[in-house]
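Asks: predicted structure and sequence below. I'll ask about it afterward.
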Amino acid sequence: MLSNQTFRIAWRNLGRNRKRTLLALTAIAVGQFGFLATSSLMNGYGEVYLNSVTGPMVGHIQVHAPGWREDRSLDLTLENLETTLWAVREDPEVKYASPRIYAPAMIATEGEGFMGVVIGVDPIVESHPSGLLAGQDFSRQVGDHRVLVGRSFARKNSIEPGMEIAVIGQDVDGSIANDLFVVTDLISTSVDIVNSLGIVMKLEETQELFMMPEQAHEIVIHVADTDVIPSTVARLSALPALADEEVLPWREIVPELVSLIDLMTGFRFFILLIVFIAAMAGIANTMLMSTFERRHEFGMLLSLGCGPNRLSGMIAFESAVLGLLGVAVGTAFALALVILTSKSGIDYAAMGGRDASFEMAFKGIYASSRVIPRMYPSDVAFGVIAVLLTSIVSVVWPMVHIARLHPVEAMRP
Amino acid sequence: MENALVDVRNVTKDFYVGKIVVHALRGLDLAVHEGDFLSIVGPSGSGKTTLLNLMGALDVATGGDVRVFGRQLSTLSRRKRAELRLKMLGFVFQAYNLVPVLTARENVEFVLELQGVGSERRDRATSILEELSLGELVDRKPSEMSGGQQQRVAVARAVASRPRLVLADEPTANLDSKNAEMLLQMMRQLRDEQGMTFVFSTHDPLVVSYASRVVTLRDGTVVSDESKN
């Protein structure tokens, strides 16, 4: 066991060659900073995508008729929507349940026609923070033959608020469905299909137009806590109202995103490996130099009756302190970076020389180029464990050297 | 020999320099008695330091028998020899050999701590340094002391646990005559007042003049063993 004086010797030895200690400490600190800064950015980046995906378009859980996701056939619908919605909303973990209809249609203005998608929604439910119309109450701008149009779709096809458009499609029976609607507003959302193809219509009006009474294509569900998604899926699947339907968590709906997140995790471990190597090089070099330089001193301590274990412990302590100090400094700088950018975020677009932030699309979902770094305690713990393990590994050689040291030979000039 | 603190019998020690065998000690006999103030002298390569290392359980003999406080060193493990050094022996080396990052008091305290002395070790270290008139050095690190001061602190460390035997390898080699004299007086005082036994290996005539007994080595054997009244 190490004693007070042994600790004292170990601690003061770090200050014996300050330049070398500082260099080793810097190497470890840079490694930890690099790991945490990269991790925090990737966490923030992942969060942006995750929120975009599980936000308005996909949600946390989806309910469909079996086969609808593959075929997108108009007649593969959820029946008895009122009853089904009531049953879903009864679940204690369900925060929002948004029924939706997606129907391809021809949109015609005076003399021109374009392909679009009619999206039937409940405008009040969709105004929640993760809804298709997040934060905006359009309940008075839809219904009674009034619709909203995606801004890019409108711009491309010269559609403006106040214009009358004809919506022509096929109802679930195969008959022609058509009607005239007035465009009340143009909308921009984080969902590509709404912006570039969307005619947003009130759910009841969509049901009427396409002959889908009490029906919808999907119910998008948001829960309060993402940890409860699997258990909520299990409970909803067991509901009699959903017995014949498909209830899926977002991970099964967008497996590509899951792969992307896995890739990010893999990349994080790669960075961690670099931290290991940087720390190992810094600590091992310092401790080896320090051990060989103090060979005579170790010989003297052995002569006095100090055991090799105590000397090895002293080296291990020096190494661990060096590692932990480096980790602390690196963590402090990374934390400062995260705090400084916690409000403004880091804009990849600006870093790439663009004046304003832009949005990046993935699987039809837009994500902002502005990322707010997120540091999790687990990332810091990873760094600490990595450096501590490195400290232990990198002192094995010096410890073996000490254990084999013969006092007389060590003290020989 | 009866009642000897150290009994060296027919000891040989060989070193290998590449394939060449160097016979450092060749069947040497010596007994060290309680209260001796013994100088081992002889030309370089005569085996002085080798003999001191064997008596201090720092090395093992190639042949023969070395007994320290009745214990046969060749039968002791490395750990047991370290324990013997820690508890029974004091060492003073040629180049002061204090721990450079510790103060004078901490250097003394360190040995006491190794020996398992509890919380009183700080006071004990201070009182030892004061007893040896080194009170003004307690908080100085080796780099802040002269060579003579460092060597006296090294003696304080060696005698901190009141060992019965102190082995000193060329203790005055790096000191001027004034400091060397101060050091020798300090050690003789410890012998006289506390009954410690000192064994020196030395080239220094001053050390020889202080010694109560002078053993001369040549080519790894004792050629003379003279006691002064």
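Replies: Cool, the structure landed. Residues are numbered from 1 along each chain as shown, chains lettered A, B, ... in the order given.
Asks: mind listing the strands for the stretch 301-413 of chain A?
Replies: Ranges of strands in the stretch 301-413 of chain A, per DSSP state E, counting those that start in this stretch, are A:346-347, A:359-362, A:365-368, A:370-371.
Asks: could you do chain B as well?
Replies: For chain B, the strands defined by DSSP state E cover B:4-17, B:20-33, B:37-41, B:63-68, B:71-72, B:89-92, B:165-169, B:197-201, B:213-218, B:221-227.
Asks: ok, which of those comes nearest chain A?
Replies: Proximity to chain A (CB to the nearest CB) singles out strand B:89-92 among the strands of chain B, at 5.7 Å. Just so you know, the C-beta spots here come from the backbone N, C-alpha and C atoms, and that holds for glycine as well.
Asks: any idea which residue is closest to the centre of chain B?
Replies: The structure's chain B has its C-alpha centroid closest to B:Leu167; by CA atoms, centre = their mean the separation is 1.4 Å.
Asks: contacting residues for the residue lying closest to that residue once chain neighbours are set aside?
Replies: Excluding the flanking residues, the one nearest B:Leu167 by CB to CB, 6 or more residues apart in numbering or on different chains is B:Gly56, at 4.7 Å. Neighbour list for B:Gly56: A:Ser303, B:Arg85, B:Leu89, B:Phe91, B:Leu167 [criterion: CB atoms under 8 Å, 6 or more residues apart in numbering or on different chains].
Asks: hang on, the earlier thing: worst mean pLDDT among the strands of the stretch 301-413 of chain A?
Replies: For those, mean pLDDT drops lowest on strand A:359-362, to a mean of 56.
Asks: what segments of chain A are strands?
Replies: Counting by DSSP E, the strands of chain A are A:61-64, A:94-109, A:112-121, A:146-150, A:164-170, A:176-187, A:198-202, A:218-223, A:246-249, A:346-347, A:359-362, A:365-368, A:370-371.
Asks: closest residue of chain B to chain A?
Replies: Counting by CB to the nearest CB, chain B gets nearest chain A through B:Leu86, at 2.6 Å.
Asks: need the contact list for that residue.
Replies: Applying CB under 8 Å, 6+ apart, the residues contacting B:Leu86 are A:Leu304, A:Gly305, A:Cys306, B:Val111, B:Leu114, B:Gln115.
Asks: residues contacting residue 98?
Replies: Going with chain A. A:Gly59, A:Val121, A:Asp122, A:Val125, A:Glu126, A:Gly131, A:Leu132, A:Ile219, A:Val220, A:Ile221, A:His222.
Asks: nope, chain B
Replies: B:Ala104, B:Asn107, B:Pro142, B:Gln150, B:Val153, B:Ala154, B:Arg157.
Asks: report how many residues lie close to the nearest residue to it once chain neighbours are set aside.
Replies: Spatially, and ignoring its direct neighbours in sequence, B:Leu98 is nearest to B:Pro142 (4.5 Å; CB to CB, 6+ apart). Other residues near B:Pro142 number 21, with proximity taken as other CB atoms under 10 Å in any protein chain shown.
Asks: I figured B:Pro142 hits B:Ala95, correct?
Replies: No. The criterion here is CB atoms under 8 Å, and B:Pro142 misses it with B:Ala95 at 10.8 Å.
Asks: just checking, A:Ala386 touches A:Val275?
Replies: Yes. If you go by CB under 8 Å, A:Ala386 and A:Val275 touch, sitting 5.6 Å apart.
Asks: which residues do those two both contact?
Replies: Joint contacts of A:Ala386 and A:Val275 (CB under 8 Å, 6+ apart) are A:Phe35.
Asks: may I see the strands of chain B organised as JSON lines, with distance to A:Asp91 and mean pLDDT added?
Replies: Formatted as JSON lines, these follow (distance: least, CB to CB, whole Å; pLDDT from 0 to 100):
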{"stretch": "strand B:4-17", "distance to A:Asp91": "84", "mean pLDDT": "92"}
{"stretch": "strand B:20-33", "distance to A:Asp91": "89", "mean pLDDT": "93"}
{"stretch": "strand B:37-41", "distance to A:Asp91": "93", "mean pLDDT": "95"}
{"stretch": "strand B:63-68", "distance to A:Asp91": "83", "mean pLDDT": "94"}
{"stretch": "strand B:71-72", "distance to A:Asp91": "81", "mean pLDDT": "92"}
{"stretch": "strand B:89-92", "distance to A:Asp91": "79", "mean pLDDT": "90"}
{"stretch": "strand B:165-169", "distance to A:Asp91": "84", "mean pLDDT": "93"}
{"stretch": "strand B:197-201", "distance to A:Asp91": "89", "mean pLDDT": "94"}
{"stretch": "strand B:213-218", "distance to A:Asp91": "96", "mean pLDDT": "95"}
{"stretch": "strand B:221-227", "distance to A:Asp91": "99", "mean pLDDT": "93"}
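Asks: which residues touch residue 221?
Replies: Reading this off chain A. So A:Ile221 contacts A:Gly59, A:His60, A:Ile61, A:Gln62, A:Val63, A:Val88, A:Val94, A:Tyr96, A:Ala97, A:Ser98, A:Thr232, A:Leu236 (CB under 8 Å, 6+ apart).
Asks: looking at chain B here, not the other one
Replies: Going by CB under 8 Å, 6+ apart, B:Thr221 touches B:Leu25, B:Arg26, B:Gly27, B:Leu28, B:Gly47.
Asks: returning to that earlier point: mind checking which of the contacts of B:Gly56 are buried?
Replies: Buried by 16 or more other CB atoms under 10 Å in any protein chain shown: A:Ser303, B:Arg85, B:Leu89, B:Phe91, B:Leu167, out of the contacts of B:Gly56.
Asks: of these, closest to A:Phe138?
Replies: Using CB to CB, the shortest approach to A:Phe138 within these belongs to A:Ser303, at 87.0 Å.
Asks: just the pLDDT for the closest residue to that closest one other than its chain neighbours.
Replies: Spatial nearest neighbour of A:Ser303, excluding adjacent residues (CB to CB, 6+ apart): A:Pro407 at 4.4 Å. The model reports A:Pro407 with a pLDDT of 83.
Asks: didn't A:Pro407 look like it was pressed against B:Leu58?
Replies: Yes. Assessed by CB under 8 Å, A:Pro407 is found in contact with B:Leu58 at 5.2 Å.
Asks: hey, what's in contact with both of those two?
Replies: Joint contacts of A:Pro407 and B:Leu58 (CB under 8 Å, 6+ apart) are A:Ser303.
Asks: would you mind measuring from B:Asn174 to B:Leu183?
Replies: Shown here: B:Asn174 relative to B:Leu183, a distance of 11 Å by CB to CB, to the nearest Å.
Asks: residue contacts, A:Asn157?
Replies: A:Ile107, A:Thr109, A:Glu112, A:Phe114.
Asks: again, only this time at 6 Å
Replies: Contact analysis of A:Asn157 by CB atoms under 6 Å, 6 or more residues apart in numbering or on different chains lists A:Phe114.
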